[in-house]
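Undergrad: sequence below, structure please.
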Amino acid sequence: MFNPILILVGLTVLVSAYAWSNHDLMESWILRPYRMARDNSQWYRFLTSGFLHADWGHLLFNMIAFYSFGQLVLDVLANGTGAPGLDGFGAMGGIWRFLLLYLGGIVVSDIPTYFRHRDDRNYGSLGASGGVASVLFAGVIYSPLNKIYMMFIPVGIPGFIFGFLYLAYSYYQGRRRGDNINHDAHFYGAIYGVVLTLLFMPAAGIEFVRQISRFIGLNS
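TA: Model prediction:
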């Protein structure tokens with residue numbers, strides 16, 4: 001059975017690297033809300049912009065995060081966790097749900113960006129961050145106590161704590177608009193990932209709460 005994670009990573013690396021030397025491709029695939037609002041043939045940019053990145057740092061950060069959490073999420077969707085109500089959907093069922101999570105996250109996370117900037121002639125956005133956030137937060141729902149490590153921080157942070165901090169930071173920065181990062185895509189991609197994960201496996205929400213409750217009880 002093919003591994004969609006490796007295919008998506010490889011495709012994203014190849015497209016991003018090629019687009020850095022091909023301005024026409026970069027310009028035709030990047031998210032341009034102004035143009036999309038005035039030309040109904042350009043809605044494809046919601047998806048294609050997720051295969052473009054600004055530079056190697058941006059690309060590697062997204063792909064490492066995607067790969068790190070992707071296998072956990074794909075395994076759960078295919079095979080389940082063994083907990084009550086968390087049965088898997090089989091190989092193909094897991095794959096198409098995983099693709100809906102990641103590719104859907106890329107598209108859905110940019111919808112608020114589209115409405116916010118559709119009258120801004122110069123605005124553009126690119127990157128797979130919305131899809132990566134969707135997969136990351138699905139992983140947090142399934143394994144909230146797994147520790148997440150970040151650069152320059154020597155200790156791991158339990159996933160559910162990292163998740164709350166991530167959402168708060170992304171929301172704040174999205175309202176502040178203090179840099180060139182599309183924080184709205186991070187925020188809404190994460191929300192999409194949580195919602196879709198709970199739609200796939202409603203019992204995951206109960207297991208999420210149970211694990212956190214035990215963690216707090218053991219450490220209080």
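Undergrad: which residues are in contact with Asp110?
TA: Residues near Asp110 by CB atoms under 8 Å, 6 or more residues apart in numbering: Leu31, Phe46, Ser49, Ser125, Gly130, Asn182, Ala185. Quick note: C-beta positions are derived from backbone N, CA and C, even for glycine.
Undergrad: please, where are all the helices along this structure?
TA: 4-20, 23-29, 33-38, 45-48, 56-79, 90-109, 111-117, 129-142, 159-176, 183-200, 203-218 (DSSP state H).
Undergrad: name the nearest of the contacts of Asp110 relative to Gly70.
TA: Set against Gly70, the nearest of the contacts of Asp110 by CB to CB is Gly130 (14.5 Å).
Undergrad: do I have it right that the closest one meets Pro112?
TA: No - Gly130 lies out of contact with Pro112 (CB atoms under 8 Å); the separation is 10.1 Å.
Undergrad: overlap in contacts of those two?
TA: Shared contacts of Gly130 and Pro112, defined by CB under 8 Å, 6+ apart, comprise Tyr188.
Undergrad: who has more neighbours, the two?
TA: Between Gly130 and Pro112, counted using other CB atoms under 10 Å, the more crowded position is Gly130 (32 against 15).
Undergrad: run through the residues that contact that one.
TA: Gly50, Gly105, Ile106, Val107, Val108, Ser109, Asp110, Ala185, His186, Tyr188, Gly189, Tyr192.
Undergrad: burial count for Pro202?
TA: Applying other CB under 10 Å, we find 11 residues neighbouring Pro202.
Undergrad: for the closest residue to it other than its chain neighbours, grab phi and psi.
TA: For Pro202, ignoring the flanking residues on the chain, the nearest one in space by CB to CB, 6 or more residues apart in numbering is Gly85 at 7.2 Å. With angles defined as degrees, to the nearest 10, Gly85 sits at phi 80, psi 0.
Undergrad: Gly85 contacts Ala203, doesn't it?
TA: Yes - assessed by CB under 8 Å, Gly85 is found in contact with Ala203 at 2.7 Å.
Undergrad: between the contacts of Gly130, which is closest to Leu136?
TA: Leu136 lies nearest to Gly189 out of the contacts of Gly130, by CB to CB, at 8.6 Å.
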